[in-house]
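*Asks:* structure of the sequence below:
(one chain, ligands or ions: 1)
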Amino acid sequence: MTLHKNLIDGEWTGTDGNDNINPSNTNEIVGRYARGSAADLEQAIAAASAAFPAWSRSGILERRDILKRAAEEIFTRREELGALLAREEGKTLPEAIGETVRAGQIFEFFAGECLRLRGETLPSVRPGIGVEITREPLGVIGIITPWNFPIAIPAWKIAPALAWGNTVVFKPAELVPGSAWALVDILHRAGLPAGVLNLVMGQGSVVGQAMLDNPGLSGITFTGSTTTGKRVALASIEHNRKFQLEMGGKNPMVVLDDADLPVAVDAAANSSFFSTGQRCTASSRLIATEAIHDRFVAALIEKLKSLRIDDALKPDTHIGPVVDDRQLQTDVDYIEAGRQEGARLAFGGEILQRETPGFYLQPALFTEVTNDMRIAREEIFGPVAAVIRVRDYDEALAVANDTGYGLSAGIATTSLKYATHFKRNVEAGMVMVNLPTAGVDFHVPFGGRKGSSHGSREQGTYAAEFFTTIKTAYTKP
Ligand code: ADP
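*Replies:* Numbers count the residues shown, from 1 in each chain. Okay, here's the model as predicted:
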């Protein structure tokens with residue numbers, strides 16, 4: 001089987017590899033991908049440092065054209081790239097094609113941003129002197145990504161980094177090297193000079209750790225677990241570099257008595273269970289007020305009964321498998337913990353057998369959950385949701401905010417008063433009214449508060465906060 005190699009200084013290199021396994025059918029190898037070493041990572045950082053001076057001063061039209069060519073190829077190959085993504089990650093084909101299109105849209109957006117990096121001029125307090133405030137590229141950026149969005153998350157970190165003149169060393173998650181490799185191959189062929197974008201696939205504890213320990217990076221942007229995020233933060237402080245972290249969520253969705261029931265049920269089913277619940281913006285706490293609680297639970301269970309859990313590539317599948325055996329075990333352990341703590345498993349939670357061996361899990365819905373139970377406090381990252389019964393809106397808001405996380409929050413209501421109050425008072429970076437907590441646009445800021453995020457926002461023009469550094473220049477003519 002062909003080995004998909006690492007890209008270091010414009011050359012494809014590597015001899016050792018790992019098999020990329022399909023979670024819908026563990027007998028199927030999606031491909032073989034290089035397993036990089038700490039030495040590979042060091043070489044990649046050296047190459048990115050050497051490429052930085054020329055790339056950071058390159059013409060904005062050159063950068064624009066390269067990103068635009070990459071976007072066009074992603075759009076043209078959406079079906080094939082989507083199928084690869086679905087095979088390696090396990091989300092359904094429509095979800096995977098949607099994610100691929102989004103990656104194309106991100107490159108298209110940042111192609112335009114190459115031409116729009118704004119500065120400011122102000123008069124100095126000293127008469128006759130001018131002050132210019134400009135943004136410059138940050139330097140060499142390390143990018144570490146998780147397995148749940150194998151092409152969109154790399155896209156939303158790589159595109160702004162390159163658009164604004166940075167060079168990159170990219171380490172994707174071990175479980176999903178296929179989409180990462182395809183994306184880097186596209187960008188390489190789109191005309192990036194050697195060393196501007198380097199790919200080092202391999203283990204987090206080896207390649208990722210070597211990135212954290214290297215003093216040659218100006219910044220690291222990371223999406224993944226809270227535990228690794230803390231390591232990124234501590235190592236970055238040690239090396240005096242900028243860092244940006246997107247970590248977990250325990251996102252609430254409030255359902256008020258006056259909600260439109262089908263709207264609430266669709267939003268809850270989508271954001272709790274689609275993409276197998278493996279989204280940091282998934283709603284895992286469904287907070288329902290007294291008068292709608294029982295109707296909401298009954299309608300949600302009816303909806304869950306109609307969902308088919310099967311091979312990600314089958315056309316009638318609604319929910320694909322869990323990503324791997326380790327995550328499946330975590331999900332099963334949390335389901336057991338929920339039972340032990342006295343919550344009622346109102347639906348699902350069974351491991352399912354399908355035609356092919358895979359990690360199939362029935363969506364699990366708990367009721368009679370209190371907000372202090374582990375299933376209401378810890379991020380599970382699987383198709384498991386907890387319904388919490390509350391008296392009224394005030395209690396719902398208090399429970400929504402009683403969490404260590406603050407990424408996304410939703411409310412289902414027909415009341416302008418409560419919707420407005422919730423938008424202003426919920427402690428989250430993103431708020432959704434009558435919409436799933438997951439599912440965001442690509443041109444506006446993404447990020448959270450409290451334990452969910454650290455540093456400035458990703459995506460849209462706000463991404464410049466991380467990927468550029470500010471210079472204030474004073475001129476006496
Ligand atoms: P998950 O548990 O969801 O896989 P991780 O935080 O372990 O979340 O993984 C997110 C990314 O961080 C992956 O690319 C992984 O390889 C990487 N990673 C894991 N451990 C380390 C580490 N010690 N240093 C740097 N990166 C790491």
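*Asks:* for the rest of this, base every contact and every neighbour count on C-alpha atoms.
*Replies:* OK.
*Asks:* alpha carbons of the helix or strand where Glu72 lies, in PDB - could you do that?
*Replies:* Glu72 is located in helix 60-76, with elements delineated by DSSP states H and E. Taking Å, rounded to 0.1, in the frame of the first residue of the first chain, the C-alpha atoms of helix 60-76 are listed here in PDB:
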ATOM      1  CA  ILE A  60      -0.700  39.700  -1.500                       C
ATOM      2  CA  LEU A  61      -1.800  38.700  -5.000                       C
ATOM      3  CA  GLU A  62       0.500  35.700  -5.100                       C
ATOM      4  CA  ARG A  63      -0.900  34.500  -1.800                       C
ATOM      5  CA  ARG A  64      -4.500  35.300  -2.900                       C
ATOM      6  CA  ASP A  65      -4.100  33.200  -6.100                       C
ATOM      7  CA  ILE A  66      -2.700  30.200  -4.300                       C
ATOM      8  CA  LEU A  67      -5.500  30.100  -1.700                       C
ATOM      9  CA  LYS A  68      -8.100  30.600  -4.500                       C
ATOM     10  CA  ARG A  69      -6.600  27.700  -6.500                       C
ATOM     11  CA  ALA A  70      -6.800  25.500  -3.400                       C
ATOM     12  CA  ALA A  71     -10.400  26.500  -2.800                       C
ATOM     13  CA  GLU A  72     -11.300  25.700  -6.400                       C
ATOM     14  CA  GLU A  73      -9.800  22.300  -6.200                       C
ATOM     15  CA  ILE A  74     -11.500  21.500  -2.900                       C
ATOM     16  CA  PHE A  75     -14.900  22.500  -4.400                       C
ATOM     17  CA  THR A  76     -14.200  20.400  -7.600                       C
END
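*Asks:* Provide the contact partners of it at residue level.
*Replies:* 81, 100-101, 103-108, 110-112, 114-115, 159, 162-163, 186-187, 190-192 (C-alpha atoms under 8 Å, 6 or more residues apart in numbering).
*Asks:* following it, which helix or strand comes up?
*Replies:* helix 78-89.
*Asks:* which other helices and strands contact that following helix?
*Replies:* strand 17-22, strand 25-34, helix 93-113, helix 177-189 (3 or more C-alpha pairs under 8 Å, 6 or more residues apart in numbering; DSSP states H and E).
*Asks:* and that helix, what's buried?
*Replies:* 78-79, 81-89 (16 or more other C-alpha atoms under 10 Å).
*Asks:* over to stretch 209-227?
*Replies:* 209-214, 216-226.
*Asks:* need the contact partners of that stretch.
*Replies:* So stretch 209-227 is contacted by 38, 41-42, 45-46, 49, 138-146, 157, 229, 231-232, 235-236, 239, 241-248, 451-452 (C-alpha under 8 Å, 6+ apart).
*Asks:* if any of those are buried, put those into a PyMOL selection.
*Replies:* The buried residues among the contacts of stretch 209-227 can be selected in PyMOL (16+ other C-alpha under 10 Å) with this line:
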select buried, resi 38+41+42+45+46+49+138+139+140+141+142+143+144+145+146+157+229+232+235+236+239+241+242+243+244+245+246+247+248+451+452
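*Asks:* returning to that earlier point: of the helices and strands packed on helix 78-89, which stretch is the most buried?
*Replies:* Compared across the helices and strands packed on helix 78-89, helix 93-113 shows the largest average neighbour count, a mean of 24 (mean count of other C-alpha atoms under 10 Å).
*Asks:* near the nearest residue to Ala163 once chain neighbours are set aside, how many other residues are there?
*Replies:* Distances taken as C-alpha to C-alpha, 6 or more residues apart in numbering place Cys114 nearest to Ala163, at 5.0 Å, with adjacent residues excluded. Using other C-alpha atoms under 10 Å, Cys114 has 22 other residues around it.
*Asks:* also near the ligand: which of the buried residues of stretch 209-227, exactly?
*Replies:* Filtering the buried residues of stretch 209-227 for proximity to the ligand by C-alpha under 6 Å from any ligand atom leaves 209, 224-225.
*Asks:* and those residues, which of them are in helices?
*Replies:* By the criterion of DSSP state H, membership of these in helices covers Gln209.
*Asks:* can you tell me the residue of the stretch 51-200 of the chain closest to the ligand?
*Replies:* Ala173 (3.4 Å; C-alpha to the nearest ligand atom).
*Asks:* what bits of the chain have low per-residue confidence?
*Replies:* Nowhere does the chain drop to pLDDT under 70.
*Asks:* nearest residue to the most centrally placed residue in the chain in space, please, no chain neighbours.
*Replies:* By C-alpha atoms, centre = their mean, the chain has its centre lying nearest to Ile153, at 5.0 Å. Spatial nearest neighbour of Ile153, chain neighbours left out: Thr145 (6.7 Å); criterion: C-alpha to C-alpha, 6+ apart.
*Asks:* next, the contact list for that neighbour, please.
*Replies:* With C-alpha under 8 Å, 6+ apart, Thr145 has these contacts: 153-154, 171-173, 222-224.
*Asks:* hmm, 6 Å instead?
*Replies:* By C-alpha atoms under 6 Å, 6 or more residues apart in numbering, the residues touching Thr145 are 172-173, 223.
*Asks:* and which of those is nearest Pro127?
*Replies:* Proximity of the contacts of Thr145 to Pro127 (C-alpha to C-alpha) peaks at Thr223, which lies at 46.7 Å.
*Asks:* who's that closest one bridged to?
*Replies:* Glu246 (DSSP bridges).
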